[in-house]
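Asks: The following block contains a protein sequence and its predicted model.
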Amino acid sequence: MSNPQQLRYSKEHEWLSAAEDGVSTVGITEHAANALGDVVFVQLPEVGDSVSAGETCGELESTKSVSDLYSPVSGEVTEVNEDVVNDPSLVNSAPFEGGWLFKVRVTDEPGDLLSADEYTAFSAG
Amino acid sequence: MSSTGELRHTALDALHRSLGATMTDFAGWDMPLRYGSERDEHTAVRTKAGLFDLSHMGEITVTGPQAAALLDYALVGNIGGVKPGRARYTMICRADGGILDDLIVYRLGETEYMVVANASNAQVVLDALTERAAGFDAEVRDDRDAYALIAVQGPESPGILASLTDADLDGLKYYAGLPGTVAGVPALIARTGYTGEDGFELFVKPEHAVELWQALTKAGEGAGLVPCGLSCRDTLRLEAGMPLYGHELTTSLTPFDAGLGRVVKFEKEGDFVGRAALREAAENANHEPPRVLVGLIAEGRRVPRAGYAVVAEGKVIGEVTSGAPSPTLGKPIAMAYVDAMYSAPGTAGVGVDIRGSHEPYEVVALPFYKRQK
């Protein structure tokens, strides 16, 4: 699998897009989606919620387990992906595209986000 | 289940890896969890066919003039009454009635049986049978390494298997087994499974496993056969209402607690381990039923997991033993032990505590799914 170069990554296996007008998109990586197996339920934060970097802001359920969703940055949620709520399998089929989870107006980001190459090495380890 | 020791690998290990399987530690064995989407694998078994490596299961051979007498004493079922070529679902209990394991016993001949135990309990069952064999003219043999086990399950499985064997599959009933040849490989062909579908389990020598797997894969190509991992095996058995040891069955439960008292045969001749305690458990189950195993179907989409509390009227009335999103029903389902007064199908106001939030659930009779014959 290949992790898109233009994204940055958290060690909790979320990806973050470059900000446009201060707003970034968040999803989980293909590596994480494969590890979860078929995702059957996603609970996302609500528009207007404040999220904090490294803290839980939702959950993802697969056949075998439930996992917390962590926000890779701090900020205010501006949009959530209703398509993925209605069809959680998008997380598996298109984790970097149609399976995005929410958009956030970033107020602060941790210094330890990884580049694509760094994340590829991290997730292989 | 975590294990600190080296994982054991089946004869099909390299093949699983070449198929890109996600592997998991299951009872000390490195087993395929899934090859691709576990829901697609589940659906293939319900509608077409699936191929499973079940070589982790624990085979124990019991032979000798008193093999039947030993098994009648050691197990709760009427094993002497099983005809050669047939199989029986049964249990092995402790003297206090607690379930040590659930088993399938195949009678291979007049004086030869094969006992198939769960991987996690194979050593416990082997030890108990060996101990209980004292005084019987019978031999208990550890045959765990003597067999690989490959299952073909699903409505297309009879056709797929028939293309590879001359054995009389039409004459092979559910819970029967006969020796034969499949794809040129000697096999014990059993019509058993753990999926709620028609299907077969093929016990072969480990050195023949790869050859047989490949022949089945090829034979099933046009029929939609796919390799299947343990993840879908779990959702298949859950939909079919079949218990899993460590979840619905434990040493602290008797077969009567688990709603499976019918496997205990008091009418058989002679004593058997657990008889007195099980007699008492049977009477209690009649007039003062303990918690009852029921099915639960979610009204929402959050998935109940083993250990979650079942709640009603603000109090805990039971516990989930197995839960998963059901591919067939399209909703989360669970098996749970609940207080008898809440066990009737349709009981109102029952929920599951899913990480602090009480989600509404419908109480239903098991199984969730029954195939059309």
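Replies: Happy to help now that I have it.

Asks: all contacts plus neighbour counts: C-alpha atoms, from now on.
Replies: Will do.

Asks: Pull up the residues of the stretch 251-373 of chain B that are close to chain A.
Replies: B:301, B:302, B:303, B:305, B:324, B:325 (CA under 8 Å from any CA of the partner chain).

Asks: Give the buried residues for stretch B:100-115.
Replies: B:100-108, B:110-115 (16 or more other CA atoms under 10 Å in any protein chain shown).

Asks: Show me the shaky parts of the chain.
Replies: With no chain named, the answer covers chain A. A:1 (pLDDT under 70).

Asks: my bad, chain B
Replies: Looking at chain B by pLDDT under 70, you get B:1-4.

Asks: all helices of it, in order?
Replies: B:13-18, B:38-47, B:67-74, B:122-132, B:157-162, B:209-220, B:230-239, B:275-287 (DSSP state H).

Asks: Next: chain A.
Replies: A:30-36, A:82-86, A:90-93, A:116-124.

Asks: Can you tell me the centre-most residue of chain A?
Replies: residue A:27 (2.4 Å; CA atoms, centre = their mean).

Asks: re the thing from before, as JSON lines, the helices of chain B with mean neighbour count and distance to residue B:80 would be great.
Replies: Shown next, in JSON lines, are the helices of chain B (neighbours: other CA atoms under 10 Å in any protein chain shown; distance: least, CA to CA, whole Å):
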{"stretch": "helix B:13-18", "mean neighbour count": "14", "distance to residue B:80": "37"}
{"stretch": "helix B:38-47", "mean neighbour count": "22", "distance to residue B:80": "34"}
{"stretch": "helix B:67-74", "mean neighbour count": "24", "distance to residue B:80": "5"}
{"stretch": "helix B:122-132", "mean neighbour count": "18", "distance to residue B:80": "16"}
{"stretch": "helix B:157-162", "mean neighbour count": "19", "distance to residue B:80": "29"}
{"stretch": "helix B:209-220", "mean neighbour count": "19", "distance to residue B:80": "31"}
{"stretch": "helix B:230-239", "mean neighbour count": "24", "distance to residue B:80": "28"}
{"stretch": "helix B:275-287", "mean neighbour count": "16", "distance to residue B:80": "17"}
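
Asks: Show me which residues of chain A sit near chain B.
Replies: A:37, A:38, A:40, A:41, A:61, A:62, A:63, A:64, A:65.

Asks: wait, what's in contact with the residue of the stretch 101-250 of chain B found nearest chain A?
Replies: Across the stretch 101-250 of chain B, the shortest distance to chain A (CA to the nearest CA) belongs to residue B:231, at 7.4 Å. Going by CA atoms under 8 Å, 6 or more residues apart in numbering or on different chains, residue B:231 touches A:63, A:64, B:33, B:34, B:38.

Asks: same thing with residue B:59?
Replies: With contact set as CA under 8 Å, 6+ apart, residue B:59 has these partners: B:114, B:115, B:116, B:117, B:122, B:142, B:143, B:144, B:147.

Asks: what about the residue nearest to the last one when sequence neighbours are not counted, how many residues close to it?
Replies: Distances taken as CA to CA, 6 or more residues apart in numbering or on different chains place residue B:205 nearest to residue B:147, at 4.8 Å, with adjacent residues excluded. Neighbouring residues of residue B:205 were enumerated by other CA atoms under 10 Å in any protein chain shown; the total is 17.

Asks: Looks like residue B:265 contacts residue B:77 (just checking).
Replies: Yes: taking CA atoms under 8 Å as the definition, residue B:265 is a contact partner of residue B:77 at 5.3 Å.

Asks: who's more crowded, the two?
Replies: residue B:77 (25 against 17).

Asks: ok, now how distant is the more buried one from residue B:333?
Replies: 30 Å (CA to CA, to the nearest Å).

Asks: One more: residue B:228?
Replies: Applying CA to CA to residue B:228 and residue B:333 gives a distance of 21 Å.

Asks: Next: residue B:191.
Replies: 27 Å.

Asks: out of the two, which sits in the busier spot?
Replies: Legend: neighbour count by other CA under 10 Å for residue B:191 and residue B:333, higher for residue B:333 (29 against 24).

Asks: Which segments of chain B make up each domain?
Replies: B:13-55+B:147-239, B:56-131+B:254-288, B:291-373 (automatic domain parsing).

Asks: what about those, which gets the closest to residue A:20?
Replies: domain B:291-373 (33.5 Å; CA to CA).

Asks: end to end, how far does the closest one reach?
Replies: Taking CA to CA as the criterion, the two ends of domain B:291-373 lie 32 Å apart.

Asks: and if you look at stretch A:96-106?
Replies: End residues of stretch A:96-106 are separated by 19 Å (CA to CA).

Asks: before we move on, what about stretch B:28-37?
Replies: 24 Å.

Asks: touching chain A at all, it?
Replies: Yes: judged by CA under 8 Å from any CA, stretch B:28-37 and chain A are in contact via residue B:37.

Asks: and the domains of chain B as CSV, adding distance to residue A:98?
Replies: Listed next are these as CSV, based on distance: least, CA to CA, whole Å:
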stretch, distance to residue A:98
domain B:13-55+B:147-239, 18
domain B:56-131+B:254-288, 39
domain B:291-373, 21
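
Asks: of all these, which lies closest to residue A:53?
Replies: domain B:291-373 (22.3 Å).

Asks: hang on, the earlier thing: just the ones of the buried residues of stretch B:100-115 in strands?
Replies: B:100-108, B:112-115 (DSSP state E).

Asks: which stretches of chain A form strands?
Replies: According to DSSP E, the strands that chain A contains are A:8-9, A:14-16, A:23-28, A:39-43, A:50-51, A:56-62, A:66-70, A:74-80, A:102-108.

Asks: Work out the gap between the first one and the centre of the chain.
Replies: Between the centre of strand A:8-9 and the centre of its host chain there is 9 Å, according to CA atoms, centre = their mean, to the nearest Å.

Asks: Run through who's touching it.
Replies: A:15, A:16, A:17, A:18, A:72, A:113, A:114, A:115, A:116, A:119.

Asks: how about 6 Å then?
Replies: Strand A:8-9 is contacted by residues A:15, A:16, A:113, A:114, A:115 when judged by CA atoms under 6 Å, 6 or more residues apart in numbering or on different chains.

Asks: And for stretch B:326-346, what's in contact with it?
Replies: With CA under 6 Å, 6+ apart as the criterion, stretch B:326-346 contacts B:291-298, B:303, B:317-325, B:363-365.
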